[in-house]
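In: based on what follows, work out the 3D shape:
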Amino acid sequence: MELRKRSSLWFLLPIFFNIIGGVIAYFIIKDDDPSKAKNCLWLGIILPAISIAIFLIPLLIGISLFPHFPPFKPDLISNNF
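Out: Sure, this is the predicted structure:
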């Protein structure tokens, strides 16, 4: 089996299609360039994980801080201008 260098454009598949793109790129180029195939697979796994973390971390911080705020009492607000 001859190893040949594949184009770096294969990294676009996991960038645009996340895990599915990484798996597709892996199975297409794994025989020709195993290192690049593994990197495509990792990229397809890591990018969605980063997106989920960017969403979940502030959400969980907000949920954990919510009990520390006093409840809203509209009768304490005066509208006397």
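
In: list the buried residues in stretch 27-36.
Out: 29, 33, 36 (16 or more other Cβ atoms under 10 Å). Backbone N, C-alpha and C define where each C-beta goes, glycine included.

In: can you put these in a markdown table and add distance to residue 6, pLDDT and secondary structure?
Out: Shown next, in a markdown table, are the buried residues of stretch 27-36 (distance: Cβ to Cβ, whole Å; pLDDT from 0 to 100; DSSP: H, G, I helix; E, B strand; the rest coil):
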| residue | distance to residue 6 | pLDDT | secondary structure |
| --- | --- | --- | --- |
| 29 | 5 | 96 | helix |
| 33 | 4 | 93 | coil |
| 36 | 6 | 96 | helix |
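
In: residue nearest the centroid of this protein?
Out: residue 48 (2.3 Å; Cα atoms, centre = their mean).

In: and that one, which helix or strand is it part of?
Out: helix 34-65 (DSSP states H and E).
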